[in-house]
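# what follows is a predicted structure for the sequence shown.
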Amino acid sequence: MHSIRTLIASAVLAATGLAHADSSTYALDPSHTFVTFEAKHFGTSTFRGRFDKKKGSVTLDKAAKTGSVKVTIDPASVSTGVGALDNDLKSKDFFNAAEFPAVEFAASKFSFDGSKVKTVEGTLTLLGKTLPITLNATNFNCYESPLLKREVCGGDFETTLQRSQWGMGYLAPTTVADNIRLLIQVEAIKQ
């Protein structure tokens, strides 16, 4: 009886080890990663912005269908193409980049549809407040880069945030909408 329990325990440990044997770490490729946002202005047009400085990494185990991600964004790198608007967005009324020099997304719950990532659940820390968010994948794929000779994984992810939940309620909802569409196009290189 003891040898059967030992055999079962060994099989479980071996299976667990195999399930995690495919875990790989990927570094964000800043030249193929874009974090953008969209907001309605006075309920008419949509203005868009992006963050030019971001870094992070992803751990992905395709066999076990698990993963984790950590991305840090520099809010002082916000760019809309309009200098005065960029300065407003960096100010205390919006991102308060001087007092809060980082926006962080961290996640450890991935859901898959077959081999494709479908959602990533985690938290967004903005203006010192951390709240849960879910990013929905509209596209996901991995490929062997002919230039880098390494695997690259990436996709398009999006969610809609209510900015006032993080304390960014200035001019909401009449001038600048409270609901902000966040779009992330990401590629990450296997390390």
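Arrived safely, thanks for sending.
# mind listing the helices for the protein?
Assigned by DSSP state H, the chain shows helices spanning 2-19, 83-90.
# I'd like the average pLDDT over the first one.
The predicted model assigns helix 2-19 a mean pLDDT of 43.
# quick thing: my sequence starts at 24, can you match it?
In the new count, where the first residue is 24, that last one comes out as helix 25-42.
# who's Glu181 bridged to?
Asn159, Leu206 (DSSP bridges).
# list the contacts for it?
Residues near Glu181 by C-beta atoms under 8 Å, 6 or more residues apart in numbering: 158-159, 161, 204-207. In short, each C-beta sits where N, CA and C put it, glycine included.
# now Ala99
Ala99 neighbours (C-beta under 8 Å, 6+ apart): 76, 113, 118, 120-121, 124.
# can you lay out those as CSV showing neighbour count?
Converted to CSV, the contacts of Ala99 look like this (neighbours: other C-beta atoms under 10 Å):
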residue, neighbour count
Lys76, 14
Lys113, 17
Phe118, 24
Ala120, 18
Ala121, 11
Pro124, 12
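# now, among these, which is nearest to Lys172?
Lys76 (27.3 Å; C-beta to C-beta).
# my guess is that closest one meets Val94, correct?
No - contact criterion C-beta atoms under 8 Å: Lys76 and Val94 do not qualify, at 11.3 Å.
# just to revisit the earlier point, which of the contacts of Glu181 are buried?
The neighbour count (16 or more other C-beta atoms under 10 Å) marks 158, 204-207 as buried among the contacts of Glu181.
# what's the farthest-apart pair in these?
The widest separation within the buried ones among the contacts of Glu181 (C-beta to C-beta) is 11.9 Å, between Leu158 and Arg204.
# between the two, which contacts overlap?
Going by C-beta under 8 Å, 6+ apart, residues that sit against Leu158 and also against Arg204 are 181-182.
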